[in-house]
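> below are the sequence and a predicted model; questions follow.
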Amino acid sequence: MRFSVYQVSRKGGREKNEDRMGYCYTRDCGLFALADGMGGHPEGEVASQLALQTLAAMFQRDAKPVLKDPTRFLHDSVIAGHHQLLRYATEKALIDTPRTTIIACVLQGNAAYWAHCGDSRLYLVRGDKLIARTRDHSYSELQETLAQVVPMGERFNRNVLFTCLGSPGKPVVDTVGPMIMQSGDKLLLCSDGLWGTVEDDEITAQLAARPISDAVPELVETALRNGGAKSDNVTVLAVEWESAEDTDTNRGISTQTLGEEVFASTIQASVGAGSTDFDELDEAEIERSIREINEAIQRSSQQKKS
């Protein structure tokens, strides 16, 4: 498996950045995820971090080195993140529960699978075409879809969501896949700080015309300019898929030399106070997995130099 990845997060005009992003991989499988902690509720940055930690920990447990059922994994790990937020709120005796959106994608074999809850988005661009995009769990997006069938009245605010992680009811989790990938396909995961001020056509055009290392920074700067002084947090994680047949070994990350038990992650292991234990995976195992990333990256770098 070989891929290139580029990620960036900017605070914009907000007091703090409540977005989180990261990725994990084994020799034969990769997980890419982004979460946007929701304002108006306590500790949005904790909500987004706990959601990603849960995904990463379950990925480490289940990807040996592949996931038996990527779609089931995505659904179950997103729901597990929701339960972690409820548990955190109970332990902290919070009046309200921290809440977050989430978008997560698994790349395994020659296919992509993804799941989302809320309005953080995934875009799949092939050549100069937008092949797929997630549909937001917002009343405005639902209204826009229904308007194609029946006339609708006054438009809803796009920020009003009907589901998220940490809400009182069971979250709605949409899953897609398998989507067969082609060499050069680009996946972009982003918070609403990007798509809220940059149109889909521009996102597609930038990804089609430039490498992700150039396109992503330009898109983020455009979002910040368009958002002005009160710009939302803008967070983007982009992946370019490169098939196993590609001969240019100097591009991106190659997992071909990793052992079956190696797990690497860029997702922070701990947010401090609060339990993140679940099932049979404990805190020590999560912390050990983070240390392993240095070894994995070193091996990848040595391969590129040889």
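Sure, I can see it.
> how about the helices in the stretch 1-150 of the chain?
44-62, 70-91, 139-146 (DSSP state H, counting those that start in this stretch).
> right, and the ones you listed - which one's nearest residue 189?
Set against residue 189 and scored by Cβ to Cβ, those come closest in helix 44-62, at 11.6 Å. Any C-beta I mention is one placed from the backbone N, CA and C, and that applies to glycine too.
> with mean neighbour count and mean pLDDT added, can I get the helices of the stretch 1-150 of the chain in CSV?
Converted to CSV, those look like this (neighbours: other Cβ atoms under 10 Å; pLDDT from 0 to 100):
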stretch, mean neighbour count, mean pLDDT
helix 44-62, 25, 94
helix 70-91, 20, 95
helix 139-146, 15, 62
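> possible to save those as TSV with distance to residue 160?
Putting the helices of the stretch 1-150 of the chain into TSV (distance: least, Cβ to Cβ, whole Å) gives the following:
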stretch	distance to residue 160
helix 44-62	16
helix 70-91	19
helix 139-146	5
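> to residue 171, which of those lies closest?
Per Cβ to Cβ, nearest to residue 171 of these: helix 70-91, 5.2 Å.
> what's the angle between the closest one and helix 44-62?
Interaxial angle, helix 70-91 versus helix 44-62 (axes from the mean of the first three to the mean of the last three Cα atoms, to 10 degrees): 130 degrees.
> where does this protein have low pLDDT?
Scanning the chain for pLDDT under 70 picks out the ranges 140-159, 243-251, 268-306.
> from residue 3, how far off is the closest residue to residue 238 other than its chain neighbours?
The shortest distance from residue 238 to any non-neighbouring residue, by Cβ to Cβ, 6 or more residues apart in numbering, is to residue 212 (4.2 Å). Distance of residue 212 to residue 3, given as Cβ to Cβ, to the nearest Å: 10 Å.
> shared neighbours of the two, anything?
Counting by Cβ atoms under 8 Å, 6 or more residues apart in numbering, the contacts common to residue 212 and residue 3 are 239, 240.
> using CSV, write out every CA atom in the helix or strand hosting residue 237.
Assigning secondary structure by DSSP states H and E places residue 237 in strand 234-242. The C-alpha trace of strand 234-242 is given here as CSV (Å, rounded to 0.1, in the frame of the first residue of the first chain):
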residue,chain,number,x,y,z
VAL,A,234,-10.4,25.2,9.0
THR,A,235,-9.1,21.7,9.0
VAL,A,236,-8.3,19.5,6.0
LEU,A,237,-6.7,16.0,5.6
ALA,A,238,-6.0,14.9,2.1
VAL,A,239,-4.8,11.6,0.7
GLU,A,240,-3.6,10.7,-2.8
TRP,A,241,-3.9,7.0,-3.5
GLU,A,242,-1.0,5.3,-5.3
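> where do the strands sit along the stretch 201-306 of the chain?
For the stretch 201-306 of the chain, the strands defined by DSSP state E, counting those that start in this stretch occupy 234-242, 253-254, 264-265.
> the strand holding residue 237 pairs with which strands, and in what direction?
Strand 234-242 has these partner strands in its sheet, going by DSSP bridges: strand 2-10 (antiparallel), strand 186-190 (antiparallel).
> distance to residue 54 and mean neighbour count for the strands of the stretch 201-306 of the chain - can I get that in CSV?
Output for those, formatted as CSV (distance: least, Cβ to Cβ, whole Å; neighbours: other Cβ atoms under 10 Å):
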stretch, distance to residue 54, mean neighbour count
strand 234-242, 17, 25
strand 253-254, 23, 21
strand 264-265, 12, 24
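> could those strands be laid out in CSV, adding distance to residue 41?
Output for the strands of the stretch 201-306 of the chain, formatted as CSV (distance: least, Cβ to Cβ, whole Å):
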stretch, distance to residue 41
strand 234-242, 18
strand 253-254, 35
strand 264-265, 27
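> so which of those strands is nearest residue 12?
The closest of the strands of the stretch 201-306 of the chain to residue 12 is strand 234-242. By Cβ to Cβ, the value is 5.6 Å.
> can you give me the helices in the stretch 151-300 of the chain?
According to DSSP H, counting those that start in this stretch, the helices that the stretch 151-300 of the chain contains are 192-195, 200-209, 212-227, 283-305.
> quick check: the residue positioned nearest the centre of the chain vs residue 266, distance?
Nearest to the mean C-alpha position of the chain, counting by Cα atoms, centre = their mean, stands residue 33 at 2.1 Å. Residue 33 is 10 Å from residue 266, where distance means Cβ to Cβ.
> repeat for residue 192
Taking Cβ to Cβ, one finds residue 192 at 22 Å from residue 266.
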